[in-house]
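Chemist: could you work out the structure for the sequence below:
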Amino acid sequence: MTNPIADPGHGHSPAAWTAVVVMLFGFTLGTVAFCLAEFSPIWTPILWVSVGIIVVGLLLGWILTKAGYGVKGPKYAPKGH
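Modeler: Numbers count the residues shown, from 1 in each chain. Sure thing, here's the model as predicted:
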């Protein structure tokens, strides 16, 4: 008998890695902009750009998953540990 709750994977896929790297860049840029916005007004728009980068990373992960690069996708080849 198989388990009715299948393991969804642990995010070791191109879709997950791409989304995480893009969002990590957005969070890093946003953190720097947030800290430096007190000293220069140029950082405030950069803060909002970083929010957009985070959203793009989320959408990119979703799009790549739908394109088959997610954990259970047909274009994903799991690697041995």
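Chemist: P74 reaches G68, doesn't it?
Modeler: Yes: at 4.8 Å, P74 counts as touching G68 under the criterion of CB atoms under 8 Å. For the C-beta atoms, the positions are set from N, CA and C on the backbone; glycine is no exception.
Chemist: between the two, tell me which one has more neighbours.
Modeler: Taking neighbours as other CB atoms under 10 Å, P74 and G68 compare with G68 leading, 14 against 9.
Chemist: what sits against that one?
Modeler: By CB atoms under 8 Å, 6 or more residues apart in numbering, G68 lies in contact with P74, K75, Y76.
Chemist: tabulate the residues you listed (a markdown table), appending distance to W43, secondary structure and pLDDT.
Modeler: Converted to a markdown table, those look like this (distance: CB to CB, whole Å; DSSP: H, G, I helix; E, B strand; the rest coil; pLDDT from 0 to 100):
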| residue | distance to W43 | secondary structure | pLDDT |
| --- | --- | --- | --- |
| P74 | 43 | coil | 84 |
| K75 | 39 | coil | 81 |
| Y76 | 39 | coil | 78 |
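Chemist: please name the nearest non-neighbouring residue to the residue positioned nearest the centre of the chain.
Modeler: What sits nearest the mean C-alpha location of the chain, by CA atoms, centre = their mean, is A19, with 2.2 Å. Excluding its sequence neighbours, the residue lying closest to A19 (CB to CB, 6 or more residues apart in numbering) is G61, at 2.7 Å.
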